[in-house]
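1. Let me see the structure of the following:
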Amino acid sequence: VIGAIGYTLGALAVVAIIVAATKSSCPFVSAYTGNEFTLQGEIYGGAIYPQMARDDYMPLRIEPTADGTLQLKISNELKERQYTDFADLLVITHNRDTKVLSDEKGNLYGVSNAQAPVKAWTGNQADALNPILKANDNRLLHFDDTAATGASNYLVTQFNKPAGAQKAKLVLSIKNSYWLDYLYGEMAKGFGSYYGTYIKKQYKTPVSQLIQWTKDQKLPLEISIKTKTGWQKISDITTIGPLAPREIVVPLDVASITDPLIEIKMSSGFMFWEIDYAAIDYSNDESFKVETISPAVATDEAGKDVLPLLMKKDNIYLEQPVPGNMVTLEYKCNPQVANTSRSYLLHTRGYYVHVRDFKGAPDIAFLKQFKQPNAFPVFSLQLYKKFSKTSMQTLAQR
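-> This next block holds a predicted model:
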């Protein structure tokens with residue numbers, strides 16, 4: 001049973017591999033980082049119907065090739081049909097002691113003085129500070145049943161607040177859990193052979209209803225700030241997939257906070273999210289230059305030129321219908337100015353559709369529960385406890 005807060009990635013390697021075999025996610029992005037293409041994460045997570053197509057802003061670790069071009073790949077690695085409208089590269093030139101990140105809507109912020117929290121705790125008051133102090137250290141704040149309140153998880157982080165501060169930038173490195181992908185797959189199995197018909201009917205559902213269902217089931221990561229009158233919701237962060245943590249900024253208005261400490265709460269359904277890093281930055285945004293570059297070359301896995309499909313936002317999509325489909329993109333940009341640094345963001349828009357071939361009749365009684373708010377988190381907690389009990393019984397027999 002995994003009950004430790006701040007586990008290493010290696011501790012879950014076997015579990016991750018098993019879950020990845022049934023993964024239900026989104027297009028993979030890899031970027032050239034000097035001598036190889038490195039997996040960066042996934043794009044437009046959760047956009048599983050055409051009407052949910054959305055813009056996505058992914059920070060990239062990328063290095064130019066010998067001739068100065070920047071290269072990346074967008075690939076279909078799963079049982080999905082994937083649709084990408086365009087793929088622009090934002091090249092941001094800034095001071096060397098600053099990095100530039102975006103919020104979920106693509107607004108850019110300079111981060112130059114990120115400060116760590118002074119305290120952090122979970123639902124069972126456990127000390128959760130150490131795992132979130134450093135990014136990319138192979139430690140993730142993992143919520144388990146000891147940190148659950150009902151069928152939810154939350155983390156409260158406490159930061160020092162300078163006197164007179166009006167604005168702040170919450171800097172997070174976060175990802176979804178493989179467990180969330182597994183849960184979705186288990187729910188989908190309940191449709192049996194009716195799954196394909198159900199998906200087509202969902203195409204007619206207004207996007208507002210689909211988004212509301214995700215909120216009712218606590219799929220987004222909810223960000224709240226503590227005020228004199230209680231917790232005030234700031235933002236819902238859309239699912240981004242489990243492959244890799246993503247850095248993101250959540251802008252905060254802290255003018256009404258008169259205390260010397262600020263408390264920020266992150267909450268979601270049971271075991272839906274993992275937190276790699278959290279910090280706050282009160283610095284003013286310094287000037288930076290942004291170049292938006294369309295790809296100069298776009299070639300699919302068969303060597304076909306697909307550039308016209310990815311040049312602009314026009315609802316004419318590059319279709320990647322089967323696993324193994326891959327497009328390689330090349331971007332031409334001006335040489336970097338001396339004594340500056342660069343940050344990169346991949347701006348895409350798209351959606352994807354799961355392909356499943358379930359058998360048998362739909363389990364109507366099982367599926368009806370998911371019409372109720374909070375049903376998916378409750379299902380998550382129940383299934384986790386079932387697995388934990390089975391694991392303990394197996395260990396006791398050895």
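2. which residue is nearest the centroid of this protein?
-> Compute the mean C-alpha point of the chain, and by Cα atoms, centre = their mean the closest residue is Ile240, 2.1 Å away.
3. Leu89 reaches Thr69, doesn't it?
-> No: under the criterion of Cβ atoms under 8 Å, Leu89 makes no contact with Thr69, lying 10.8 Å away. For every residue, glycine as well, the C-beta is placed using N, CA and C.
4. that older thread, gap between the closest residue to the residue nearest to the centre of the chain other than its chain neighbours and Val250?
-> Closest residue to Ile240 in three dimensions, ignoring its sequence neighbours and counting by Cβ to Cβ, 6 or more residues apart in numbering: Gly45, at 4.7 Å. Noted for Gly45: a distance of 17 Å to Val250, by Cβ to Cβ, to the nearest Å.
5. Over to Gln166?
-> 16 Å.
6. And these two? Which one has more around it.
-> Each of Gln166 and Val250 has its neighbours counted (other Cβ atoms under 10 Å); Val250 has more, 21 against 11.
7. Which stretches in the stretch 151-300 of the chain count as helices?
-> Shown for the stretch 151-300 of the chain, the helices assigned by DSSP state H, counting those that start in this stretch span residues 178-189, 195-202, 207-216.
8. Distance from the chain centre to the longest one, please.
-> Going back to what we said before, that points to helix 178-189. 16 Å (Cα atoms, centre = their mean, to the nearest Å).
9. residue contacts, the closest residue to Met311 other than its chain neighbours?
-> Among residues not flanking Met311 along the chain, Ser294 sits closest, at 5.4 Å (Cβ to Cβ, 6+ apart). Shown in contact with Ser294 (Cβ atoms under 8 Å, 6 or more residues apart in numbering): 86, 88-89, 310-312, 331.
10. Arrange those in JSON lines, one row each, with pLDDT as further columns.
-> Shown next, in JSON lines, are the contacts of Ser294 (pLDDT from 0 to 100):
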{"residue": "Phe86", "pLDDT": "98"}
{"residue": "Asp88", "pLDDT": "98"}
{"residue": "Leu89", "pLDDT": "98"}
{"residue": "Leu310", "pLDDT": "98"}
{"residue": "Met311", "pLDDT": "95"}
{"residue": "Lys312", "pLDDT": "94"}
{"residue": "Tyr331", "pLDDT": "98"}
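11. which of these count as buried?
-> In terms of neighbour count (16 or more other Cβ atoms under 10 Å), the buried residues within these are 86, 88-89, 310, 331.
12. Kindly indicate which of those lies nearest Gln209.
-> Nearest to Gln209 out of those is Phe86 (Cβ to Cβ; 26.8 Å).
13. and for Leu89 and Thr69, which residues touch both?
-> With Cβ under 8 Å, 6+ apart, Leu89 and Thr69 have common neighbours Tyr331.
14. re the thing from before, out of the contacts of Ser294, which two sit at the greatest distance?
-> Within the contacts of Ser294, Lys312 and Tyr331 form the most distant pair, 14.8 Å apart (Cβ to Cβ).
15. biggest helix in the protein, by residue count?
-> helix 375-396 (DSSP state H).
16. buried ones in it?
-> For helix 375-396, burial by neighbour count (16+ other Cβ under 10 Å) applies to 375-381, 383-384.
17. And the nearest residue to Val353 once chain neighbours are set aside, its phi and psi?
-> Closest residue to Val353 apart from its sequence neighbours, by Cβ to Cβ, 6+ apart: Arg81 at 4.7 Å. Main-chain torsions, Arg81, degrees, to the nearest 10: phi -110, psi 120.
18. What is the burial count for Arg81?
-> Residues near Arg81, counting by other Cβ under 10 Å, number 15.
19. I'd say it and Tyr352 touch.
-> Yes: using Cβ under 8 Å, Arg81 is in contact with Tyr352, at 6.6 Å.
20. before we move on, back to that, can you state the direction angle for the longest helix of the chain and helix 178-189?
-> Per axes from the mean of the first three to the mean of the last three Cα atoms, to 10 degrees, the angle that helix 375-396 makes with helix 178-189 is 110 degrees.
21. Show me what helix 375-396 is packed against.
-> Packing partners of helix 375-396 (3 or more Cβ pairs under 8 Å, 6 or more residues apart in numbering; DSSP states H and E): helix 178-189, strand 261-269.
22. Can you check what angle separates it from strand 261-269?
-> Using the same axes, to 10 degrees: helix 375-396 against strand 261-269 is 80 degrees.
23. pLDDT of helix 375-396, averaged?
-> Averaged across helix 375-396, pLDDT comes to 78.
24. Please export the alpha-carbon coordinates of that helix; PDB is fine.
-> Output in PDB follows, covering the C-alpha atoms of helix 375-396 (Å, rounded to 0.1, in the frame of the first residue of the first chain):
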ATOM      1  CA  ALA A 375     -19.800  10.300  -7.900                       C
ATOM      2  CA  PHE A 376     -16.500  10.000  -9.700                       C
ATOM      3  CA  PRO A 377     -14.400  10.900  -6.600                       C
ATOM      4  CA  VAL A 378     -16.500   8.500  -4.500                       C
ATOM      5  CA  PHE A 379     -15.900   5.800  -7.000                       C
ATOM      6  CA  SER A 380     -12.100   6.600  -6.900                       C
ATOM      7  CA  LEU A 381     -12.000   6.200  -3.100                       C
ATOM      8  CA  GLN A 382     -14.000   3.000  -3.100                       C
ATOM      9  CA  LEU A 383     -11.900   1.400  -5.800                       C
ATOM     10  CA  TYR A 384      -8.600   2.500  -4.100                       C
ATOM     11  CA  LYS A 385      -9.700   1.000  -0.800                       C
ATOM     12  CA  LYS A 386     -10.800  -2.200  -2.500                       C
ATOM     13  CA  PHE A 387      -7.300  -2.500  -4.100                       C
ATOM     14  CA  SER A 388      -5.700  -1.700  -0.800                       C
ATOM     15  CA  LYS A 389      -7.700  -4.400   1.000                       C
ATOM     16  CA  THR A 390      -6.800  -7.000  -1.600                       C
ATOM     17  CA  SER A 391      -3.100  -6.000  -1.400                       C
ATOM     18  CA  MET A 392      -3.100  -6.400   2.400                       C
ATOM     19  CA  GLN A 393      -4.800  -9.800   2.200                       C
ATOM     20  CA  THR A 394      -2.300 -11.000  -0.300                       C
ATOM     21  CA  LEU A 395       0.600  -9.800   1.800                       C
ATOM     22  CA  ALA A 396      -0.900 -11.500   4.900                       C
END
